[in-house]
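here is a sequence with its predicted model. Questions after.
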Amino acid sequence: MTLLERSRAGDSQSLLHILELLEPDIEKLSRFMDMDRRDAAQALRTELIERVLKG
């Protein structure tokens, strides 16, 4: 199974691993958002989690 499949099956460690892999991109993107950088990064993480879990 891939990380994505395991995440959707409820494996929280796989989901955390996906977030870790994408953290550099999240940090880069958060710089360009018109809000506090930490808030922007958190919004991106939240959206990513929702998309991973919904498919």
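Arrived safely. Residues are numbered from 1 along each chain as shown.

pLDDT weak spots in this protein?
Nowhere does the chain drop to pLDDT under 70.

now the helices for it?
Using DSSP state H, the helices of the chain run over residues 3-8, 12-30, 37-54.

just those: most buried one?
Of all the helices of the chain, helix 3-8 has the most neighbours on average by mean count of other CB atoms under 10 Å, namely a mean of 15. For glycine as for every other residue, the C-beta is placed from the backbone atoms N, C-alpha and C.

pull the residues that contact that helix.
Applying CB atoms under 8 Å, 6 or more residues apart in numbering, the external contacts of helix 3-8 come out as 14-15, 17-18, 52-53, 55.

biggest separation within those residues, which pair?
H17 and G55 (17.6 Å; CB to CB).

can you list the contacts of helix 3-8 in JSON lines and add distance to R37?
Output for those, formatted as JSON lines (distance: CB to CB, whole Å):
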{"residue": "S14", "distance to R37": "27"}
{"residue": "L15", "distance to R37": "23"}
{"residue": "H17", "distance to R37": "23"}
{"residue": "I18", "distance to R37": "21"}
{"residue": "V52", "distance to R37": "22"}
{"residue": "L53", "distance to R37": "25"}
{"residue": "G55", "distance to R37": "29"}
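
pick the one among these closest to P24.
Checking these against P24 with CB to CB, the nearest one is I18 at 12.9 Å.

what sits against the closest one?
3-4, 7, 48, 52.

now distance to A40 too, for those residues, in a markdown table please.
Listed next are the contacts of I18 as a markdown table, based on distance: CB to CB, whole Å:
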| residue | distance to A40 |
| --- | --- |
| L3 | 24 |
| L4 | 24 |
| S7 | 23 |
| L48 | 13 |
| V52 | 19 |
